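Asks: With the input below, show me the fold.
(chains A and B)
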Number of protein chains: 2
Amino acid sequence: MLKEEWAAKRALLESELERELNLENALDKTLAESMRYSLMAGGKRLRPVLLMEAAEAVGGRGEDYIHAACALEMIHTYSLIHDDLPAMDNDDYRRGKLTNHKVYGAGIATLAGDALLTLAFEVILRQKADSETLCRVIREISQAAGPDGMVGGQAIDMESEGKSITMDELRKMHMGKTGALFRAAIRSGAILAGAGETELNALTRYAEAFGLAFQITDDILDVIGDENEIGKPVGSDERNHKSTYVTLTSLENARQLAKDAVDEAVLALEPFGDKAWFLKELVEFLISRKK
Amino acid sequence: MLKEEWAAKRALLESELERELNLENALDKTLAESMRYSLMAGGKRLRPVLLMEAAEAVGGRGEDYIHAACALEMIHTYSLIHDDLPAMDNDDYRRGKLTNHKVYGAGIATLAGDALLTLAFEVILRQKADSETLCRVIREISQAAGPDGMVGGQAIDMESEGKSITMDELRKMHMGKTGALFRAAIRSGAILAGAGETELNALTRYAEAFGLAFQITDDILDVIGDENEIGKPVGSDERNHKSTYVTLTSLENARQLAKDAVDEAVLALEPFGDKAWFLKELVEFLISRKK
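Replies: Below is the predicted model:
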């Protein structure tokens, strides 16, 4: 059931993303192609799926919020393009394909990221919702993606390379780098579908626990994962002297922390009953994933 | 009068920009400092001043729209930071100061640009206005700054380096690269102050003529300007085989085109009478400027 629902939502998203990228009438064709190259390169599409499923948890229809979902995927994709740049992580491959700047050059890749981020805000406005709700969603997403969210976390990550950091700093970094956008995805879906304060708070609790479980599992996979499955060399964190939930505690401890986070996430979903079945199965699946 | 009014609006803006940058509670101090470094590096503050003055032309109070004005300056500043990057123009100096990446490195400079662009959308939402108007302004600004506006124009510019382009392509490039944000500034100010369709159309006509006059004058200054005043080496366009309004026609022809654009801009302001005195004097001043 989880995989079917996930695949259905992803298919919907892929076709809508295609539509959003207007290649024919683009001011600059190369720029439009480079945006398309990264945006349509696959991936789990976690953030847009979370947005749609949070809407369902509060009784809405996920597909009604496809535009806001697309916007989130654009923001996520821009962050990957910029992360991969020579000036940042300098990665040649992502998901088994050459990175954007390896294909289009670092100049166009920088602009493709800028363009996707800006386009995201235009795309949110295509969402059918009253203006007040749209403004609320734009606020959620801009705060989560900005200097006190995703970009700030990325800056901490870059500056702490090769340095050992404390557990507290690690948590702050991840809450910005990945946690904030997960949180905004879930909250935005709930807000769009008309969630009340109590529902919104419960889903926020889920979102924060989800983000933590996701990140710890990522760190664990870097140690015990299968290279072919996760698509990057195993053990790279240790070789790069990167502080992770595993290096700062132990593999056993990290596993326990992840399990606690999943329990917390599942508990937060209780008030929603069956309507939140996907969110429940998703967090349980993610902690058991191999990639 | 022009200079006093300009200085007053600028002073207001500088102090509000200072307030917007929350250094103390920043998630990452270095990132916040690098954003501040470029945002407070001076400049003409043309876009925010245009927004405020367009509001005044339709009977509003410019200072009431200071948040939207700040957002525009953040977007302009992000575009300068990214333009200067080694992967783009690779410039060491801007306005007589080291560029952002020369001080903070290309990684943080990339993130500082990303952060300013994202923060801009958060800052627009601080603007006191009804939600419907805010959504309209966000649409204007995101379209102008995105792939079919500023970023698209920048991509054309980068790709046409060393190539000769046609007058039509040159116009398309500038309409994106600089014109679109001028247009959005003026339209946003008018929309916020409650302009009707006729007023909005007239100011849009002004904005487009203003952008053209501004760009042609820039090209002329590269040929005849005083190096010390314009802050970059004179003749750099020709040395870089860059197509400009001067290289594609002649100095005389370019001067005439600029004069025509100013006439068009002034004509578009007629319905506003004295309320548009600043916009009128501004475009006349800009064509006569030495830097």
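Asks: Which secondary structure element of chain A has the lowest mean pLDDT?
Replies: Least confident helix or strand of chain A, by mean pLDDT, DSSP states H and E, is helix A:227-230 with a mean of 59.
Asks: residue nearest the centroid of chain A?
Replies: Using C-alpha atoms, centre = their mean, the residue of chain A that lies closest to the mean C-alpha position is residue A:47, 4.7 Å off.
Asks: Please name the residues that touch that residue.
Replies: For residue A:47, the contacting residues are A:69, A:72, A:73, A:75, A:76, A:181, A:182, A:185, by C-beta atoms under 8 Å, 6 or more residues apart in numbering or on different chains. Heads up, the C-betas are built off the backbone N, CA and C, glycines and all.
Asks: you'd agree it is in a helix?
Replies: Yes. Under DSSP: H, G, I helix; E, B strand; the rest coil, residue A:47 falls within a helix.
Asks: Could you list the low-confidence segments of the stretch 101-250 of chain A?
Replies: The model of the stretch 101-250 of chain A has pLDDT under 70 over residues A:226-234.
Asks: how far away is the residue nearest to residue A:188 when sequence neighbours are not counted from residue B:144?
Replies: With sequence-adjacent residues excluded and distances taken as C-beta to C-beta, 6 or more residues apart in numbering or on different chains, residue A:188 is closest to residue A:137, at 4.7 Å. Residue A:137 sits 21 Å away from residue B:144, going by C-beta to C-beta, to the nearest Å.
Asks: What of residue A:106?
Replies: According to C-beta to C-beta, residue A:106 and residue B:144 sit 25 Å apart.
Asks: How about residue A:78?
Replies: From residue A:78 across to residue B:144, the span is 18 Å (C-beta to C-beta).
Asks: Looking only at neighbour counts, state which of these two leads.
Replies: A count of neighbours by other C-beta atoms under 10 Å in any protein chain shown puts residue A:78 above the other of residue A:78 and residue B:144, at 28 against 24.
Asks: looking at it, the more buried one is touching residue A:121, isn't it?
Replies: No. The criterion here is C-beta atoms under 8 Å, and residue A:78 misses it with residue A:121 at 11.6 Å.
Asks: right, and residue A:37 touches residue A:103 too?
Replies: Yes. Contact between residue A:37 and residue A:103 holds when scored by C-beta under 8 Å: they sit 6.3 Å apart.
Asks: Those two: which has the busier surroundings?
Replies: residue A:37 (19 against 14).
Asks: so what does the one helix or strand the more buried one maps to touch, helix or strand wise?
Replies: Using DSSP states H and E, residue A:37 maps to helix A:29-39. Applying 3 or more C-beta pairs under 8 Å, 6 or more residues apart in numbering or on different chains; DSSP states H and E, one finds that helix A:29-39 contacts helix A:66-84, helix A:100-104, helix A:106-124, helix B:150-159.
Asks: Quickly compare those and say which is most buried.
Replies: Ranked by mean neighbour count under mean count of other C-beta atoms under 10 Å in any protein chain shown, the helices and strands packed on helix A:29-39 are led by helix A:106-124, which reaches a mean of 27.
Asks: what comes into contact with the following helix or strand past that one?
Replies: Remark: after helix A:106-124, the chain's next helix or strand is helix A:131-145, criterion DSSP H and E. The set of residues external to helix A:131-145 that reach it, using C-beta under 8 Å, 6+ apart, is A:68, A:71-72, A:75, A:79, A:117, A:120-121, A:124-125, A:127, A:129, A:149-151, A:180-181, A:183-184, A:187-188, A:191-192, B:118-119, B:121-122, B:125, B:130-132, B:134-135, B:138.
Asks: Pull out the CA atoms of helix A:131-145 and give them to me as CSV.
Replies: C-alpha atoms of helix A:131-145 as CSV (Å, rounded to 0.1, in the frame of the first residue of the first chain):
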residue,chain,number,x,y,z
SER,A,131,-4.9,34.8,-0.4
GLU,A,132,-4.6,34.7,3.3
THR,A,133,-3.8,31.0,3.3
LEU,A,134,-1.3,31.5,0.4
CYS,A,135,0.5,34.2,2.4
ARG,A,136,0.7,31.9,5.4
VAL,A,137,2.2,29.1,3.2
ILE,A,138,4.7,31.5,1.6
ARG,A,139,5.8,32.6,5.0
GLU,A,140,6.2,29.0,6.2
ILE,A,141,8.3,28.1,3.1
SER,A,142,10.4,31.2,2.9
GLN,A,143,11.3,31.0,6.6
ALA,A,144,12.2,27.3,6.3
ALA,A,145,14.3,27.8,3.2
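Asks: Buried residues in that helix, which are they?
Replies: Within helix A:131-145, the residues that count as buried by 16 or more other C-beta atoms under 10 Å in any protein chain shown are A:133-145.
Asks: Likewise for stretch A:190-208?
Replies: Quick answer for stretch A:190-208 (16+ other C-beta under 10 Å): A:190-193, A:195, A:199-200, A:202-204, A:206-208.
Asks: Out of those, which comes closest to residue A:257?
Replies: Distance to residue A:257, by C-beta to C-beta, is smallest for residue A:208 among the buried residues of stretch A:190-208, at 13.6 Å.
Asks: List the contacts of that closest one.
Replies: The contact partners of residue A:208, by C-beta under 8 Å, 6+ apart, come to A:175, A:179, A:183.
Asks: can I get these in TSV with distance to residue B:9 and secondary structure?
Replies: Compiled in TSV, the contacts of residue A:208 are given as follows (distance: C-beta to C-beta, whole Å; DSSP: H, G, I helix; E, B strand; the rest coil):
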residue	distance to residue B:9	secondary structure
A:175	38	helix
A:179	40	helix
A:183	38	helix
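Asks: Could you turn the buried ones of these into a PyMOL selection?
Replies: Selection of buried members from those for PyMOL, criterion 16+ other C-beta under 10 Å:
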select buried, chain A and resi 175+179+183
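Asks: Tell me how far stretch A:169-184 lies from the chain's centre.
Replies: Centroid separation for stretch A:169-184 versus its chain: 10 Å, with C-alpha atoms, centre = their mean, to the nearest Å.
Asks: Any idea how far apart the tips of that stretch sit?
Replies: Start-to-end span of stretch A:169-184 (C-alpha to C-alpha, to the nearest Å) is 21 Å.
Asks: quick one: residue A:218 from chain B, how far?
Replies: For residue A:218, the distance to chain B equals 20 Å [C-beta to the nearest C-beta, to the nearest Å].
Asks: That residue belongs to a helix?
Replies: Yes. Under three-state DSSP, residue A:218 sits within a helix.
Asks: list the contacts for residue A:52?
Replies: Per C-beta under 8 Å, 6+ apart, neighbours of residue A:52: A:9, A:62, A:63, A:65, A:66, A:69, A:189.
Asks: Perfect, that will be all.
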